[in-house]
Structure formats: C-alpha cells, structure tokens
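J.: Mind looking at a prediction? Sequence and model below.
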Amino acid sequence: MTSKPHINVVWLKRDLRLQDNEAIANALKSGKPTLLLYVFEHLLLNDNHYSDRHFNFIKESIRDINEQLKSYNSKVLTVTSDIQTAFNLIQTFYKIDTIFSHVETGILVTYNRDKELSRYCRNNLITWKESKNNGVERGLLNRENWLEQWEDYMNQPLEDFTPNVNQLLSIEDISLLESVLTVTDLDTPENTKFQKGGTTTAWKYANSFFESRYKDYMFNISKPEASRTSCSRLSPYISWGNISVRQVFQKGQDLKKTSKSKRHISGFLSRLRWQAHFIQKFEMEHTMENASVNKGYHKLKKSISIQYQKAWREGQTGFPLVDASMRCLVETGYVNFRMRAMLVSFFTHILWQPWQHASEHLSQQFLDFEPGIHFPQLQMQAGETGINNLRIYNPTLNGLKHDPDAEFIKKWVPELAHLDIPFIHEPYLMTELEQGLYDFKLGHDYPHPIVDIKENRIRASDILWNMKQDPDVVKESIRILKRHTLKDRSRLLKSD
Ligand SMILES: Cc1cc2nc3c(=O)[nH]c(=O)nc-3n(C[C@H](O)[C@H](O)[C@H](O)COP(=O)(O)OP(=O)(O)OC[C@H]3O[C@@H](n4cnc5c(N)ncnc54)[C@H](O)[C@@H]3O)c2cc1C
C-alpha cells in the first residue's frame, strides 16, 4: 500500500489575506506542500449573529485571493461542512501534519468547536499551530505590559507571501478534494450597497484614506454623513482580515512622520489600539456574549416590549436620527461609531430593553461584525459595566449638532425631507396647522414618538446611577478594573 502524501493545511477564518498572514507564512516556512482551506461551517451559517451580508463578503474576499493565486496555479479550497468532516475527507487523500490558523476570539460556538478540534487533532496526530491575531493574546490574567507588547507586535516586520515553486496544492489536486467535499458557490449578488470584500478593495480604501480622506478625520468622526468618507471605512476589511491591523498601523505611523494633519492621523491610530483593547477584553471575559461583564447588573430586570423592539429594528420610532441611522445601517451595513452608540442607548435606556435583545439584529446588520468589539461595546453603551461613564444620548441634540442641515435624515427618512429643518429634527412639535401647511400628517406619514423620551431618560438615569452604588456592582467594578485596566491607561486613549 502506498502511503499518503503529507501536507500542511492553513485554515483561513477571519484572516482572509495572503500578505502579512502569519498562519500562511508559518506554513510556507515549513517547506511542506500546503493547502489553503476555508470552511463555511454549519455552526456559523446557522448562527443568528451572522447574516448573508457577512457570507457574501467572505466569498468576495476568497474570490480576490483566488485571483492572486492564479499565477501559482492554486486556489483556496472552499467548502460547506463541519470542520472535522472537512479534515476527515481531506485525510482520505493526504496525511495532514500541521494545521496553521490564527487564534479566534469568537463566540461560544466557535470556542467549543476549537476545544473539540483540539481533541480531534490529538487523536489524529495532527499538530495545530495558532498564531496571535492582530496582537491579541490568549491566556492573559491581567493587562500588565499589554500595550507595550501590542506596540512591539505592531512594529514587527510584515510577513511576506513567498511560497516555493509548486508548494501550494495545485488546482488539479484541489479538484480531487472537491470531488468528495461540498464545494461552496462563490457567486454573490452584484451592485449591492455594501462595501465589497477582498484585499484589493481594502487597499483602495486604505490608500484613499491615507492620501487625502484622513485630513478631516477628527472633525467629521461624529457626523453621520461626513464620517462615511472622512473615516477610513476599513472596519469590515480589518474584521474579516483582508488587511492586517499591523499593515494599517505601519502605514499610519509612516504618514504621521510627514503629515501636516498629525492630529487626525493620531486619532485614527489610537482607534486601532481600541480595536485590540476591546477584543482583548472579550478574549478574557467570554461570558460577555450573553451576560453583562459586571455581574452586579444581572439583577437588573427590564420588561420586554415586542412592539418597541420592532419599531426600533424597522426605523419607525418617531425619532428621526434614530430611524435614519437604523435604516441606513440596514441598507448599507454601516453607520459611524456615534450613531451605533446612540442606537444602543436609545434601545437600552429610552426603550428600556435589555441589550441582549439588540445584539443579534445589530450584528447581522454590521458588515464589520467583530464579536470582540460588539459585545463589550453593547454593554458599555447600555451602561452595564460599572466602570464607564453613563451616556444617555439625546437623538434630537445629536441631530442638531452633527447633522445640522438634516442631510443624513433627509436621505434616510425621505418622508420628512420636504419639511423645514427644525421640523425634520422634531416633527412631533408640529401643530395641526403646520402639518396642514406642509401636507404632512404625523401618525400617517411618519410615526408619533413611540415613548416619552424625557420621562424615560430620567427613569433610566435614576436607576442606572443608583445601581452604580450597589455593593455587588462596586465589587465587580473593582474586579474588572484590576483585570482589564492598563498600567498606564492614558496611553491607550492618547492620540500619539
Ligand atoms: C454598539 C457598537 C458596536 C460596534 N461593533 C463593531 C463591530 O462589530 N466591528 C467593528 O469593527 N467595530 C465596531 N464598533 C466600533 C466602531 O463603531 C467601528 O469600528 C467604526 O465605526 C468603523 O468605522 P471605520 O472603519 O471608518 O473606523 P475608523 O474611525 O476609521 O477607525 C479605524 C479602525 O479602528 C477600529 N475602531 C474604530 N473605532 C473603534 C471603537 N470605538 N472600538 C473599537 N475599535 C474601533 C476599527 O477597526 C476601525 O476600522 C462598534 C461600536 C458600537 C458603539
């Protein structure tokens, strides 16, 4: 009997790129024949945090990699399967020596899958080597020296993609594997309003940002319309790994040396630190997916309103900036940080609904869904960490300040577009006579506000401020600060 050829496998997940990909670089350094694999796993296809927009983004990213692999006569083996089934079927043709991947700071189902895969690897004499993902560390007990280590990592040389001749499995070899696996169709809908996946597009965004768009970054970061071009818009590319944080960080640092707009580039670089900071927190507190990190808040009970939640999801709350933000997010997969925070604050404070009920809807809509940012941000904006300032966003004031000409609201709530600007921000202030003059009927053309915002704001503020003094909340806050606060917190926040 002839023995099977030995190969290494790179298991791609949220690292969909060839350059500066440590998992790929390490596999290639081994000198062995290498297969690049992506598995659309049933456990994620069936998970309510994910939606088609994510899967299409992944498919576009893989198509982009495949274009680059043409000159090597190779491609990514892309299948729909459970991970162990995929490895079992590959092993009918090959003996897998080592699986290379990046550590995944994911949701509970992927964490459990990884534990099972570890067992599988042990039983099948496969080595599984995981690389650090964007500077996030596994197994940390506190944040002593964390920022220094992150910065060291960010300043290390980038990993080049340099396979030896014929080192990557050929298209013909991969066809053989495809004959026993369920191949995923990589076609995606054309002309959507979502950012297109893939490293090529990622660099178009990065280059245009570093060439000119960054110059108004800090001026426009909170404005719902202008931020769409002044912010980098790199988040989906970073979240799905089309580009590494290190690649972006190094570009930004280089630019800072010569740029006259240092404040803006520095503000941007500090957000890259936050990216890792939040993911590191989630890595060390994985129960945050379902429950507040501060256990003192577990006793906070809110009454569920299906009607309020539906109005929020559909952008029909009667508060124009809230509705515009939600409609924009649903249609384009993106709103800026402030509008995200306001959507969560409105849901958890003004509608007084549990943040857990906002989680899946939002993660499905955010094209850049990153569990390590999503869950900590939800809890922070809901005011349930005990260590952050409570911020209850006033949608009207935010509209007047950050969308003064109502450009954003007019675009996404067109039924208000013909009103004068003050009424666009507060249509509920219109008298019957004024409604008649504008041929506009509140309750018919646009909903009445679904709640009394002033009353609800006071209720939320009273309850949450009082809870901050609760002994269980205080005890947990001390624990959280000990575990997650950096030695020199100001450095995380500093704009270089
Ligand atoms: C409730 C809520 C949920 C969020 N969920 C996600 C998510 O799933 N994925 C995600 O990438 N971001 C998330 N964010 C953070 C932030 O809103 C987005 O990263 C940012 O709006 C993306 O736009 P940009 O790429 O133009 O960012 P830029 O302002 O250009 O920033 C550059 C990069 O820094 C990182 N970044 C920026 N702001 C933050 C922040 N506040 N916290 C952590 N990292 C940051 C992102 O990787 C971003 O691409 C969330 C924020 C809130 C309030």
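T.: Yep, that arrived. Numbering: from 1, shown residues only.
J.: Only C-alpha atoms from now on, for both contacts and neighbour counts.
T.: Will do.
J.: Surely residue 90 is in contact with residue 179?
T.: No. Using CA atoms under 8 Å, residue 90 is not in contact with residue 179; the gap is 10.6 Å.
J.: which of these two has more neighbours?
T.: Using other CA atoms under 10 Å, the more surrounded residue of residue 90 and residue 179 is residue 90, with 20 against 9.
J.: how far away is the more buried one from residue 7?
T.: 10 Å (CA to CA, to the nearest Å).
J.: do the same with residue 460
T.: For residue 460 relative to residue 7 (CA to CA), the value is 58 Å.
J.: Name the residue in the two with the higher neighbour count.
T.: Counted by other CA under 10 Å, residue 460 and residue 7 do not tie: residue 7 has more neighbours, with 21 against 18.
J.: That one: what's it in contact with?
T.: By CA atoms under 8 Å, 6 or more residues apart in numbering, residue 7 lies in contact with 32-35, 94-98.
J.: Try it again at 10 Å.
T.: The neighbours of residue 7, taking CA atoms under 10 Å, 6 or more residues apart in numbering as the test, are 27, 31-35, 91, 94-99, 167-169.
J.: and residue 89, how many neighbours?
T.: Neighbour tally, residue 89, other CA under 10 Å: 14.
J.: same question, residue 5
T.: Residues lying near residue 5 (other CA under 10 Å) number 12.
J.: That one against residue 34, yeah?
T.: No. Between residue 5 and residue 34 there is no contact under CA atoms under 10 Å: 11.2 Å.
J.: For this structure, which residues are neighbours of the ligand?
T.: 231-235, 238-239, 268, 271-272, 274-275, 336-337, 340-341, 344, 368-371, 373-374, 377-378 (CA under 6 Å from any ligand atom).
J.: Apply the buried test to those and list what passes.
T.: 231-235, 238-239, 268, 272, 275, 336, 340-341, 344, 368-371, 373-374, 377-378 (16 or more other CA atoms under 10 Å).
J.: so of these, which ones are in helices?
T.: Members of those lying in helices (criterion: DSSP state H): 235, 238-239, 268, 272, 275, 340-341, 344, 371, 373-374, 377-378.
J.: ok, the residues you listed vs residue 307, which is closest?
T.: Distance to residue 307 across those (CA to CA) is lowest for residue 344, with 16.5 Å.
J.: quick one: contacts for the closest one?
T.: Residue 344 neighbours (CA under 10 Å, 6+ apart): 322, 338, 350-351, 353-355, 358-359, 362, 377-382, 392-393.
J.: Go again with 8 Å.
T.: Counting by CA under 8 Å, 6+ apart, residue 344 touches 355, 358, 378, 381-382.
J.: ok, now residue 275?
T.: residue 373.
J.: Try it again at 6 Å.
T.: Remark: with contacts taken as CA atoms under 6 Å, 6 or more residues apart in numbering, residue 275 is in contact with nothing.
J.: Got a quick PyMOL command for the buried subset of the contacts of residue 7?
T.: Typed into PyMOL, the line below selects the buried ones among the contacts of residue 7, using 16+ other CA under 10 Å:
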select buried, resi 27+32+33+34+35+91+94+95+96+97+98+99+167+168+169
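J.: Which of the contacts of residue 7 fall in helices?
T.: Counting by DSSP H, the contacts of residue 7 place residue 27 in helices.
J.: and the closest residue to residue 117 other than its chain neighbours, what helix or strand is that in?
T.: Nearest non-adjacent residue to residue 117, counting by CA to CA, 6 or more residues apart in numbering: residue 84, 7.0 Å away. Element membership of residue 84, judged by DSSP states H and E, is helix 83-90.
J.: how about the helices of the stretch 151-300 of the chain, start to end?
T.: 171-178, 199-211, 217-220, 227-230, 235-239, 245-258, 262-284 (DSSP state H, counting those that start in this stretch).
J.: Can you name the residues that contact the residue in the stretch 51-200 of the chain that the ligand sits nearest to?
T.: Minimum separation of the stretch 51-200 of the chain from the ligand (CA to the nearest ligand atom) falls at residue 134, amounting to 10.7 Å. Taking CA under 6 Å, 6+ apart, we find residue 134 in contact with residue 245.
J.: ok now do residue 393, which residues does it touch?
T.: If you count contacts by CA under 6 Å, 6+ apart, then residue 393 has residue 342 around it.
J.: how about 8 Å then?
T.: Applying CA under 8 Å, 6+ apart, the residues near residue 393 are 341-342, 345-346.
J.: Quick check: it vs residue 411, distance?
T.: 22 Å.
J.: again with residue 377
T.: 27 Å.
J.: From the chain's centroid, how far away is stretch 229-241?
T.: Put simply, stretch 229-241 sits 9 Å off its chain's centre (CA atoms, centre = their mean, to the nearest Å).
J.: So what touches it?
T.: Stretch 229-241 is contacted by residues 13-17, 58, 197-199, 202, 205-206, 209, 213-217, 220-221, 243-245, 367-370 when judged by CA under 8 Å, 6+ apart.
J.: next one: stretch 16-35
T.: Outside stretch 16-35, the residues that reach it (CA under 8 Å, 6+ apart) are 6-10, 15, 58, 61-62, 65, 76-77, 100-102, 130-131, 158-164, 166-169, 198-199, 240-244, 247.
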